[in-house]
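Undergrad: Sharing a model that was predicted from the sequence below.
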Amino acid sequence: MNTSFDLLFEIAWRFASLSLLAIGGINALLPEIHRVVVEVEGWMTSAEFADLFALAQLAPGPNAMVVSLLGWKVAGIAGAFVATIASCGPSSVVCYFAIRGLERLRNGALRGVLQRALAPVAIGLILASGYTLARAADRTAGAVLLTICGATAVAATRVNPIWILAAAALAGVAGVA
Amino acid sequence: MGPEQPEPLPPSPVSRATLFAAFLKIGMLGFGGVMPWARRVLVEERGWLSDREFAELIGMCQVLPGPNVVNLSVILGARWQGAIGSLLALTGILFVPVIAVIVLATFYASVAHSPIARSAIGGASAAAAGLIIGTAFRLIVGARPPMRAVLLAVAVFIAVGIAQAPLLWVLAVAVPFAIAVEWRAAP
């Protein structure tokens, strides 16, 4: 009991101390998380880390949920929740108060300038993350085709993406990708 | 204060139950990335935000620490239902999917090596990357930004996606530059 509490505390401390550094999301911090979890704490091997990362990409929920899986691997369900709260809690509190501060600027020119300036940066980064994932996923011409179909379906139609994903999974089984 | 006083807010259009349901849907469907689903649910299905508002909010989330979509839940939850709303949205997008992810993880090892599962996952992953790319195009078209904003988005894409420059450095250059440009262009 005592050791498992110590372990949960260690998980909480490790992930909470990274939370406020995660500007641009958790992916920017993956090398540092890998260093702490694999090399410093020795909680798992590098291969196990890579497996959990791949699973977090596939699973529902934000990809940041890789942190929950790392906590689960180390200390079960309690570890998953402690890791999730520790990694997202501090940043969420900062976000909550930062945005309340910004809401006060409701009619201010600064608020409009900030919003107009940050929107294109966000769009460029979303495009970059899609491109990076496509580079990793598209090892064949068929896979490239599936990426193009997915992009076109979202950009040009209102079809529910769940059907696009299901069709692509079937195409994969049929040997397209 | 005085003239800078915010206008009184209209009553919240979003109840706690619909807020939770929307973010739960985004969280549970976010295979291969939550961003396409966040835009789909918030902009297309619920009509709570325009493409432009969505892109602006994601921009805010980007410069704050923490995962973008987690920050988006905090911001929209707070906007419509205060601190309770933030907690509800976080629970929907984060804590319920955690349980689903753990259930998946338990079975993953036994399924991961089956060839059929691997090819299905391969096909779906390729399409999932496409969903994110399509979402970016949809936002560019929907937000109808001026040409300078399109050029900035392309420059950020090239720096991070193609040149693979470190994200923090790109933000450190692009954000002050964009603010300066918009500041000069402001009426």
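TA: Here it is on my side, so go on. Residues are numbered from 1 along each chain as shown, chains lettered A, B, ... in the order given.
Undergrad: which intervals of chain B have sub-threshold pLDDT?
TA: In the predicted model, chain B carries pLDDT under 70 at residues B:1-11, B:187.
Undergrad: which SSE is residue 154 in?
TA: All of this is about chain A. Using DSSP states H and E, A:Val154 falls within helix A:141-156.
Undergrad: wrong chain, I was asking about chain B
TA: In this assignment (DSSP H and E), B:Val154 forms part of helix B:147-157.
Undergrad: Name the residues that touch that helix?
TA: A:116, A:119-121, A:123-125, A:127-128, A:131, B:140, B:145, B:170, B:174, B:177-178, B:181, B:185 (C-beta atoms under 8 Å, 6 or more residues apart in numbering or on different chains). C-beta coordinates here come from the backbone N, C-alpha and C atoms, glycine included.
Undergrad: Which parts of the chain are strands?
TA: Just going to use chain A. With DSSP state E as the definition, chain A shows no strands.
Undergrad: Report whether the expected contact of A:Val173 with B:Ser119 is present.
TA: Yes - the criterion here is C-beta atoms under 8 Å, and A:Val173 meets it with B:Ser119 at 5.2 Å.
Undergrad: Could you pull up the mean pLDDT of the helix holding A:Val154?
TA: When pLDDT is averaged over helix A:141-156, the result is 95.
Undergrad: Flag every buried residue along it.
TA: A:142-151, A:153-155 (16 or more other C-beta atoms under 10 Å in any protein chain shown).
Undergrad: was I right about B:Ala22 contacting B:Arg40?
TA: No - using C-beta under 8 Å, B:Ala22 is not in contact with B:Arg40; the gap is 10.5 Å.
Undergrad: Check whether the top helix by length along chain A comes near chain B.
TA: With secondary structure taken from DSSP state H, chain A has its longest helix at helix A:66-103. Yes - counting by C-beta under 8 Å from any C-beta of the partner chain, chain B has neighbours in helix A:66-103: A:68-69, A:72, A:77, A:80-81, A:84, A:88, A:90-92, A:94-96, A:98-100, A:102-103.
Undergrad: what about burial for the residues you listed, which qualify?
TA: Among these, those buried by neighbour count (16+ other C-beta under 10 Å) are A:68-69, A:72, A:80-81, A:84, A:88, A:90-92, A:94-96, A:98-99, A:102.
Undergrad: which one of those is nearest chain B?
TA: Taking C-beta to the nearest C-beta as the measure, chain B lies nearest A:Ser91 of those, at 2.8 Å.
Undergrad: Give me the neighbour count for the closest residue to that closest one other than its chain neighbours.
TA: Spatial nearest neighbour of A:Ser91, excluding adjacent residues (C-beta to C-beta, 6 or more residues apart in numbering or on different chains): B:Gly66 at 2.8 Å. Using other C-beta atoms under 10 Å in any protein chain shown, B:Gly66 has 28 other residues around it.
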